[in-house]
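[1] below is the sequence, then the predicted model.
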Amino acid sequence: MEISINGIDLREISMINKIVITTLLIMLGLNPVVAANISFITHSIEGKTFRDQNGELRGIKNAGRRAFQVELVREMMIKLKVTPRNHIIVPFKRGLKMIKLNRKPYAMFNTSKRPDRIGKMKFVGPLTHDIVYLYELKSNPSGIKTIEDAKNSGLCVNLGGNQDTFATNNGFSNIIRTDYEQCFKMLVRKRVRFATISHLDLFGVLKNANINPGIIHNTAVYMFKSEGSISFSNQVSDDVVNKWQSALDEIKTSGKYEELLKEYLYPK
């Protein structure tokens, strides 16, 4: 059916507009595929990020893994000339559900790349390599050597996270679920025997909880190792995902990755 006004076919105008917009994007250095409307989701940013004068989410220097990842993803966005650089802040479980439902082109960080998630989302990474250890009070050593040794002791885990899933699936009998800061506060008050967290997150969490790192001891017993990644909903094309992966790889080879690690992840 012809759609026209005064003899001008509106469908032709629409096509011309698409060509003009695509041409402008290319002239500005923006790949029209990468510049597609992907909404970025993140979580657990309290005490690790701030909004700058432009309202953009930024990492606080030396605040740990989340601050580092916010800055790393920002560098990827800059390299791919993505604007505006906005983020949706939601709890982890809600964000993961948004990715799995695949209703919109979403991307979320940080998400662990796990076998049970393959096929339900697409991954770019690793942003970081994580080892999730059991921690205890230095003044109250347990002497544990394996995960089995800790299964009947009070354990505090981050609600809804990978540690929660691991503890539930591996027979821990006394689990308390809350956020990381509360877990370590409970550990200090001896309300739990162990608290668990990635070694990359430990110092940032202790800083936020006003806990002296000197009183916390790494048992050297760990739950699992994982890769922290950006997960994309499946409707995001493989071509776009590959471009994000290439941006990350280029940042790593350029030396910028190490600069960001020193500036944002490691404590002073």
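    Perfect, I can see it now.

[2] only C-alpha atoms from now on, for both contacts and neighbour counts.
    Will do.

[3] my guess is Ala177 meets Asn158, correct?
    That one is not Ala; residue 177 is Arg. Yes - in this structure Arg177 lies within contact range of Asn158 using Cα atoms under 8 Å: 5.8 Å.

[4] shared neighbours, these two?
    Between them, Arg177 and Asn158 have Asp164 as joint contacts when contacts are counted by Cα atoms under 8 Å, 6 or more residues apart in numbering.

[5] those two - which one has more neighbours?
    Legend: neighbour count by other Cα atoms under 10 Å for Arg177 and Asn158, higher for Asn158 (20 against 16).

[6] which non-adjacent residue is nearest that one?
    Across the structure, with Cα to Cα, 6 or more residues apart in numbering as the measure, the residue nearest Asn158 apart from its sequence neighbours is Asp179 (4.8 Å).

[7] where does the prediction get shaky in the chain?
    Residues of the chain that meet the criterion pLDDT under 70 lie in 1-36.

[8] report the secondary structure state of the residue most central in space within the chain.
    With distances taken as Cα atoms, centre = their mean, the chain has Asn110 as the residue nearest its mean C-alpha position (1.5 Å). Reducing the assignment to helix, strand or coil with DSSP: H, G, I helix; E, B strand; the rest coil, the entry for Asn110 is strand.

[9] ok, it to Glu227 distance?
    9 Å (Cα to Cα, to the nearest Å).

[10] let me see the contact set for Arg117.
    Arg117 neighbours (Cα under 8 Å, 6+ apart): none.

[11] what's the spacing between it and Phe232?
    Arg117 is 11 Å from Phe232, where distance means Cα to Cα.

[12] same deal with Ile175?
    Taking Cα to Cα as the measure, Ile175 falls 31 Å from Phe232.

[13] neighbour count for these two, which is higher?
    Neighbours per residue, other Cα under 10 Å: of Ile175 and Phe232, the larger number sits with Phe232, 30 against 19.

[14] which residue, other than its chain neighbours, is closest to that one?
    Taking Cα to Cα, 6+ apart as the measure, Phe232 lies nearest to Ala107, with 4.3 Å between them; neighbours along the chain are not counted.

[15] helix or strand: which one has that neighbour?
    Here Ala107, judged by DSSP states H and E, is contained in strand 106-112.

[16] also Phe172?
    Assigned by DSSP H and E, Phe172 belongs to no helix or strand.

[17] contacts only, for Arg58.
    If a contact means Cα under 8 Å, 6+ apart, then Arg58 has Thr49, Phe50, Arg51, Asp52, Ala67, Val70, Glu71 as its contacts.

[18] same thing but 10 Å
    If you count contacts by Cα atoms under 10 Å, 6 or more residues apart in numbering, Arg58 has them with 45, 48-52, 67-72, 74.

[19] which of the three states applies to it?
    Look at Arg58: counting by three-state DSSP, its state is strand.

[20] can you give me the end-to-end distance of stretch 39-53?
    Counting by Cα to Cα, the terminal residues of stretch 39-53 are separated by 21 Å.

[21] got it, and stretch 136-144?
    End-to-end for stretch 136-144, by Cα to Cα: 10 Å.

[22] and stretch 101-113, by the same measure?
    The distance separating the two terminal residues of stretch 101-113, taken as Cα to Cα, comes to 17 Å.

[23] find the nearest non-adjacent residue to Gln69, please.
    Of all residues not flanking Gln69 in the chain, Leu127 sits nearest, at 7.0 Å (Cα to Cα, 6+ apart).

[24] part of a strand, is the one you found?
    Yes - when classified by three-state DSSP, Leu127 is found to be part of a strand.

[25] fine by me, we can end here.
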